[in-house]
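Chemist: based on what follows, work out the 3D shape:
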Amino acid sequence: MTTAEELSAPASTGAGLPPLTALPRRILKHPRLMHYNRLIALVLAANLALLAHALPGGIATASLSRAALANFALAIVIRQQYVVNLLFRLATSAPVHWPLRIRWTLAKVYHFGGLHVGGALAGTAWFLGFVAALTVRGGSAGALTLSYAIVALLTGMIATALPPLRARRHDRFERTHRFGGWAALALLWLLLALTAGPAELAVLAVLTLSVALPWLRLRRVPVDIERPSSHVVLARFDYGETPFAGSSTAVSRHPLLEWHSFANVPAPGSTGFRLTISRAGDWTGALIDDTPSHLWVKGITTAGVANIETLFSKVVYVATGSGIGPVLPHLLAREVPAHLVWATRSPRTTYGDGLVDEILAVQPQALIWDTSEHGKPDMVRLALAAYAETGAEAVICISNKKLTWQVVHGLERRGIPAYGAIWDS
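Modeler: Okay, the predicted model is just below:
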């Protein structure tokens, strides 16, 4: 097993590594200006342009309603699992001989959540305008009652989705979005039945189907759980579903309360798949300490960030801890040449000899850094070194939020394509 002791110069940003890019380009690569936020700004700018165009002639109440519905449609449909998979398929269909600049941008496809946020914010703003117009212009008591109830639900959903509140109270955010969204959708049906025509009702029907589809595939399935240590479990499923490498599955013990998504680890030539679940909170801790015989699943397996690997001739995977879970299926599939850098505490003790040997069988040159022996490394420097030594075109980082952003920003400001989760769900 490759360890830190075998690195004569474990972390250097000196000769042979790309220099920092020019200041304007480094500014554009700052996390605050990532593509997710750019898409939010794009949707809001498009709506402001529409507002500026319509204001001089006045905006009819029906037009306000249609603008709100169009933005809500964008917010809902862009999160639909079939649409997400389609977006990934389209973005990753570009051949590797295309210019790197184009492939670099296409690989940011997983930032599509910015369209969801932009559509939700703009739709709420248009709906507030609709309610104001309905109030001033003398809407019926029924329509006004429904409208104000929807406003209250939308306000609560947006408030709990604000990053500081969502981070501290994620369960509350999730339940508010689920039950508040369902209630708002039901009330919107009643409101549009009073105020809108067939076209608006047809759009609403599509949105309702989009929301309902994952729940139509809700099922309780058996799970075989192996616990190599008190920190992690390997959950094995074989219920007729063999997902593609790089996809994820949402699982739950109580389907109406909370869901947790984990990367699927299918084994080539075998049916079923595994999930690597580490102790990272109350839910995962309870699952490890009290292993269930069955779990709930819903929807279809959905593409994740690492699927963008096919856009590059070679990639470096940087992972810490249980981040090896989303990386492992790509290493096993061997669809794209890759090099692994994995930092974790006591890998064999924590994850078991079987998993570590499985990794080394497909990645004999992997750098596996045991943090219990060598301390925490500078992952940015390790990623830079691996990128330079292997001739890779991109780096994909699977880690916690802080470290992922450190690696992605640290590399992109040197002109190196780098990718990692953005925690937007």
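
Chemist: when you work out contacts or count neighbours from here on, use the C-alpha atoms and nothing else.
Modeler: OK.

Chemist: how about residue 396, what does it touch?
Modeler: Counting by Cα atoms under 8 Å, 6 or more residues apart in numbering, residue 396 makes contact with 306, 315, 316, 317, 318, 418, 419, 420.

Chemist: what sits against the first one?
Modeler: When you say that, I think you mean residue 306. Residues in contact with residue 306 (Cα under 8 Å, 6+ apart) are 246, 326, 327, 330, 396, 420.

Chemist: which ones among these map onto helices?
Modeler: Per DSSP state H, helices hold the following members of the contacts of residue 306: 326, 327, 330.

Chemist: ok, which stretches of the stretch 1-150 of the chain are strands?
Modeler: For the stretch 1-150 of the chain, no strands are identified by DSSP state E, counting those that start in this stretch.

Chemist: low-confidence ranges in it?
Modeler: Across the stretch 1-150 of the chain, the ranges flagged by pLDDT under 70 are 1-17.

Chemist: again, only this time at 90
Modeler: Within the stretch 1-150 of the chain, the segments meeting pLDDT under 90 span 1-33, 54-59, 61, 137-140.

Chemist: so where do the helices sit in it?
Modeler: 23-28, 35-54, 61-77, 81-91, 100-106, 113-136, 141-161 (DSSP state H, counting those that start in this stretch).

Chemist: leaving out the residues flanking it, which one is nearest to residue 360?
Modeler: residue 366 (7.0 Å; Cα to Cα, 6 or more residues apart in numbering).

Chemist: check the gap between the one you found and residue 210 for me.
Modeler: Between residue 366 and residue 210 the computed distance is 42 Å (Cα to Cα, to the nearest Å).

Chemist: again with residue 178
Modeler: Distance, residue 178 to residue 210, by Cα to Cα: 14 Å.

Chemist: where in the stretch 201-350 of the chain is pLDDT low?
Modeler: Across the stretch 201-350 of the chain (using pLDDT under 90), the flagged ranges come out as 229-231, 240-242, 244-246, 257-258, 266-270, 278-283, 322, 325.

Chemist: try 80
Modeler: The model of the stretch 201-350 of the chain has pLDDT under 80 over residues 281.

Chemist: can you pull out the strands in it?
Modeler: Secondary structure of the stretch 201-350 of the chain, counting by DSSP E, counting those that start in this stretch: strands at 219-222, 224-229, 232-237, 247-252, 260-265, 273-278, 294-297, 302-303, 315-320, 338-344.

Chemist: got a winner among the contacts of residue 396 for most neighbours?
Modeler: In terms of neighbours by other Cα atoms under 10 Å, these top out with residue 317 at 29 neighbours.

Chemist: beta partners for that residue?
Modeler: residue 340, residue 396 (DSSP bridges).

Chemist: thought residue 338 was touching it, still the case?
Modeler: Yes. The pair residue 317 / residue 338 is scored as a contact, 7.0 Å apart, by Cα atoms under 8 Å.

Chemist: more neighbours: which of residue 178 and residue 210?
Modeler: Neighbour tally, residue 178 and residue 210, criterion other Cα under 10 Å: the higher count belongs to residue 210, 20 against 17.

Chemist: what's the farthest-apart pair in the contacts of residue 306?
Modeler: Spatial extent of the contacts of residue 306 (Cα to Cα) is set by the pair 330 and 420 at 14.8 Å.

Chemist: so can I have JSON lines of the ones in helices among the contacts of residue 306 showing neighbour count and distance to residue 265?
Modeler: Listed next are the ones in helices among the contacts of residue 306 as JSON lines, based on neighbours: other Cα atoms under 10 Å; distance: Cα to Cα, whole Å:
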{"residue": "326", "neighbour count": "26", "distance to residue 265": "7"}
{"residue": "327", "neighbour count": "26", "distance to residue 265": "9"}
{"residue": "330", "neighbour count": "22", "distance to residue 265": "9"}
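
Chemist: got CSV for those, with distance to residue 382 too?
Modeler: Below are those laid out as CSV (distance: Cα to Cα, whole Å):
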residue, distance to residue 382
326, 20
327, 17
330, 20
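
Chemist: contact partners for residue 240?
Modeler: 271, 272.

Chemist: and it, what are its phi and psi?
Modeler: Note on residue 240: its backbone torsions stand at phi 100, psi 10 [degrees, to the nearest 10].

Chemist: how close does it sit to residue 294?
Modeler: With distances taken as Cα to Cα, residue 240 is found 15 Å from residue 294.

Chemist: beta partners of residue 225?
Modeler: Beta bridges link residue 225 to residue 235, judged by DSSP bridges.

Chemist: who's sitting farthest from the centroid in the chain?
Modeler: Most distant from the centre of the chain: residue 138, at 43.3 Å, with distances by Cα atoms, centre = their mean.

Chemist: report the buried residues of stretch 204-224.
Modeler: Of the residues in stretch 204-224, 204, 207, 208, 210, 211, 213, 214, 223 count as buried by neighbour count, 16 or more other Cα atoms under 10 Å.

Chemist: repeat that for stretch 405-420.
Modeler: By 16+ other Cα under 10 Å, the buried positions in stretch 405-420 come out as 405, 407-420.
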